[in-house]
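J.: this one's structure only:
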């Protein structure tokens with residue numbers, strides 16, 4: 001087991017499943033301590049138990065990233081257990097298949113709060129403690145939907161585009177404190193949410209995989225590894241970046257006709 005994050009403490013929102021859970025695995029495998037925050041406390045506790053069984057250290061917390069009270073308690077609980085904070089992975093998010101005509105105000109606010117405002121709120125409470133450590137890292141999980149908008153995902157596309165630019169803004173504002181901030185933009189990934197879609201509409205799986213050059217979806221660990229790389233010393237001169245990890249989805253257009261000419 002590598003120890004490159006030994007003595008380092010990270011909060012991971014949405015850490016109970018999917019990309020967040022995979023980040024927990026990567027971080028703790030390399031010796032880091034993980035604070036696993038999730039709306040589903042059972043999922044967070046299960047993840048923490050698995051980390052402990054593998055010889056790592058983790059704390060499970062129920063955190064609703066749309067609720068200021070639970071966010072406010074996240075950092076004190078981290079300090080009580082581990083004594084400090086070095087990294088924040090803002091992973092928690094949600095989607096809604098509605099365009100701006102279909103979505104009502106409450107639905108719009110929920111998606112914006114979950115995907116965008118949560119990044120502000122969690123960073124707001126985490127940054128003072130990261131400063132006390134002499135610096136650290138924030139990795140915000142955006143999406144290729146923030147680069148190329150997705151149909152009937154109006155609020156999600158808007159939120160993820162904003163996360164990318166917010167990450168750049170934070171990188172400029174906090175570089176003087178030795179805090180690096182980057183966005184990671186995954187393409188299609190086999191998260192529980194996507195698996196749920198495919199269970200309902202299995203006929204669309206082929207279409208989902210064909211939109212990227214590599215002709216497949218990512219596994220969560222294939223997104224987690226670049227996310228953890230951004231939090232490592234190997235990325236010590238990377239800040240304000242939007243790293244796309246999408247199997248070539250946004251690389252360009254492909255026309256079958258051109259292969260025949």
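T.: Sure thing, it's come through. Note that this is a predicted model, so its numbers are computed, not measured.
J.: every contact and neighbour count from this point should use C-alpha atoms.
T.: Will do.
J.: helices along the stretch 1-150 of the chain, start to end?
T.: Ranges of helices in the stretch 1-150 of the chain, per DSSP state H, counting those that start in this stretch, are 18-29, 41-53, 68-82, 105-112, 118-132.
J.: and residue 182, that's in a strand?
T.: Yes - counting by DSSP: H, G, I helix; E, B strand; the rest coil, residue 182 is located in a strand.
J.: surely it and residue 237 touch.
T.: No - using Cα atoms under 8 Å, residue 182 makes no contact with residue 237, being 11.1 Å away.
J.: quick one on the thing from earlier: deepest-packed of the helices of the stretch 1-150 of the chain, please.
T.: helix 18-29 (a mean of 25; mean count of other Cα atoms under 10 Å).
J.: which residues are contacting that one?
T.: 1-3, 5, 12-15, 33-34, 36, 47, 51, 56-57, 91-92, 190-192, 220-221, 223-225, 227-228 (Cα atoms under 8 Å, 6 or more residues apart in numbering).
J.: among these, the buried ones, what's the PyMOL command?
T.: In PyMOL syntax, the buried subset of these is picked out as below (16 or more other Cα atoms under 10 Å):
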select buried, resi 5+12+13+14+15+33+34+36+47+51+56+57+91+92+190+191+220+221+223+224+225+227+228
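J.: sorry, back to before: show me the one of the helices of the stretch 1-150 of the chain that comes nearest residue 145.
T.: helix 105-112 (13.6 Å; Cα to Cα).
J.: tell me the pLDDT of residue 194.
T.: pLDDT recorded at residue 194 is 70.
J.: now the angle from the one helix or strand it maps to to helix 18-29?
T.: Assessed by DSSP states H and E, residue 194 sits inside helix 192-200. Counting by axes from the mean of the first three to the mean of the last three Cα atoms, to 10 degrees, helix 192-200 lies at 140 degrees to helix 18-29.
J.: which other helices and strands contact helix 192-200?
T.: Contacts defined by 3 or more Cα pairs under 8 Å, 6 or more residues apart in numbering; DSSP states H and E place helix 192-200 against no helix or strand at all.
J.: now the element after that helix, going C-ward?
T.: Following helix 192-200 toward the C-terminus (DSSP H and E): helix 205-210.
J.: for that next one, which outside residues touch it?
T.: Contacts of helix 205-210 (Cα under 8 Å, 6+ apart): 188, 198, 215-217.
J.: what do you get for stretch 66-78?
T.: 11, 35, 37, 59, 61-65, 84-85, 110, 113-114, 117-118, 121-122, 125-126.
J.: mean confidence score for that stretch?
T.: Here the average pLDDT along stretch 66-78 is 97.
J.: and it, how far out from the chain's middle?
T.: 18 Å (Cα atoms, centre = their mean, to the nearest Å).
J.: for residue 61, give me its contacts.
T.: 35-38, 41, 44-45, 74.
J.: now do 7 Å
T.: Listed by Cα atoms under 7 Å, 6 or more residues apart in numbering, the contact set of residue 61 reads 36-38, 41, 44.
J.: quick one: closest of the helices of the stretch 1-150 of the chain to residue 155.
T.: helix 105-112 (5.9 Å).
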